[in-house]
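S.K.: I would like the atomic coordinates for the input below:
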Amino acid sequence: MIQGVDHIGIIVRDLPGAVGFLRDVLGMEVITEASRDRPSGLQIAMLRSGGVDLELFDLGAAPPSFQPTDQARMSEGTHYDEKVVRRAADRRGIGVHHIAFRVKNAREAWKRFREMGLQLLDEAPRPGARLSQVFFVHPRSTGGILMHFVEREELVYDSAHDDWVKPPSK
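M.R.: The predicted model follows:
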């Protein structure tokens, strides 16, 4: 069912400083330095090393009046992720927020977990970053870890259009 770790979500207070450290000291590849994630409204940066991405959330960068521009990819509760991340930071401070696992089919995984009686935080898989379908499982069902499940194709970041796109055909 699980295809591997997709990414690790980390709450930071200094996005440029965190990106600089991860890039310059640890040698991670910067995928996006600071972009507005349309589904959540958060300012994020994505870095990669060894096939796993780090998704950094900047708490100070998402104004309350932010309105995502790509309504076609929006679900109800546009600011759900922003509110959840801010509440988590208030309760637990900055640091690891969630671990995301890649799944082949988010709807099938969601149904299976629901049938198993796990506490799901989403009523169904919903649009997520990088043109994905996502859902979360409450830490009460996972031994204390917020888990995020992601179905998505491999995409590349197109900085000219500030968006994720399918890689060019070879």
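
S.K.: Quickly run through the sheet partners of the longest strand along the chain, with directions.
M.R.: Looking across the chain with DSSP state E, the single longest strand is strand 2-12. For strand 2-12, the paired strands and their directions (DSSP bridges) are strand 52-58 (parallel), strand 95-103 (antiparallel).

S.K.: so which helix or strand takes in the nearest residue to residue 100 once chain neighbours are set aside?
M.R.: By the measure of CB to CB, 6 or more residues apart in numbering, the closest residue to residue 100 outside its immediate chain neighbours is residue 148, 3.8 Å from it. Every residue, glycine included, has its C-beta placed from N, CA and C. Per DSSP states H and E, residue 148 falls inside strand 147-151.

S.K.: Against which helices or strands is the very next helix or strand once past that strand packed?
M.R.: Downstream of strand 147-151, the first helix or strand assigned by DSSP H and E is strand 156-158. Counting contacts by 3 or more CB pairs under 8 Å, 6 or more residues apart in numbering; DSSP states H and E, strand 156-158 is packed against strand 29-36, strand 163-165.

S.K.: weakest of those by average pLDDT?
M.R.: Looking at the helices and strands packed on strand 156-158, the lowest mean pLDDT belongs to strand 163-165 (a mean of 71).

S.K.: Which helix in the chain has the most residues?
M.R.: Across the chain, the longest stretch assigned as helix under DSSP state H is helix 80-92.

S.K.: now the angle from it to strand 52-58?
M.R.: Relative orientation of helix 80-92 versus strand 52-58 (axes from the mean of the first three to the mean of the last three CA atoms, to 10 degrees): 80 degrees.
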